[in-house]
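>>> Sequence plus predicted model, see below.
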Amino acid sequence: MNYREKPRFTKIVARANVGKVKNALEKNTIEKQNYRAEYMSEMGSVKITVN
């Protein structure tokens, strides 16, 4: 998943049972958590980036 800009109201969570997790938004501070986006992979890697 590639975000154009850091989300302001959405907490981004990434998990992988087997594989690696690279989450560029892991420590992103948000103004107010209105939403939560979860990305999960059973067999593979999860990569979240910001342009």
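On my side now, so go ahead.

>>> I figured residue 14 hits residue 20, correct?
No - at 10.0 Å, residue 14 does not count as touching residue 20 under the criterion of Cβ atoms under 8 Å. Where C-beta positions appear, they are placed from N, C-alpha and C, glycine not excepted.

>>> The two - which one has more neighbours?
Shown here are residue 14 and residue 20; by other Cβ atoms under 10 Å, residue 14 has more neighbours (21 against 11).

>>> From residue 47, how far out is the residue nearest to the spatial centre of the chain?
Centroid check for the chain by Cα atoms, centre = their mean gives residue 12 as the closest residue, at 3.8 Å. Per Cβ to Cβ, to the nearest Å, residue 12 is found 12 Å from residue 47.

>>> Mutual contacts of those two, please.
Common contact partners of residue 12 and residue 47 (Cβ atoms under 8 Å, 6 or more residues apart in numbering): residue 23.

>>> right, and the secondary structure at residue 33 would be what?
coil (DSSP: H, G, I helix; E, B strand; the rest coil).

>>> Surely residue 1 is in contact with residue 39?
Yes - between residue 1 and residue 39 there is a contact under Cβ under 8 Å: 6.0 Å.

>>> Overlap in contacts, residue 14 and residue 20.
Shared contacts of residue 14 and residue 20, counting by Cβ under 8 Å, 6+ apart, come down to residue 46.

>>> Between residue 1 and residue 39, which contacts overlap?
Shared contacts of residue 1 and residue 39, counting by Cβ under 8 Å, 6+ apart, come down to residue 48.

>>> which residues touch residue 18?
41, 42, 43, 44.

>>> repeat that for 10 Å
41, 42, 43, 44, 45 (Cβ atoms under 10 Å, 6 or more residues apart in numbering).

>>> ok, back up a step: what's opposite the residue nearest to the centre of the chain in the beta bridge?
residue 37 (DSSP bridges).

>>> isn't it right up against residue 38?
Yes - between residue 12 and residue 38 a contact is recorded at 8.3 Å, counting by Cβ atoms under 10 Å.

>>> can you give me the strands in this structure?
2-3, 10-18, 21-23, 35-43, 46-50 (DSSP state E).
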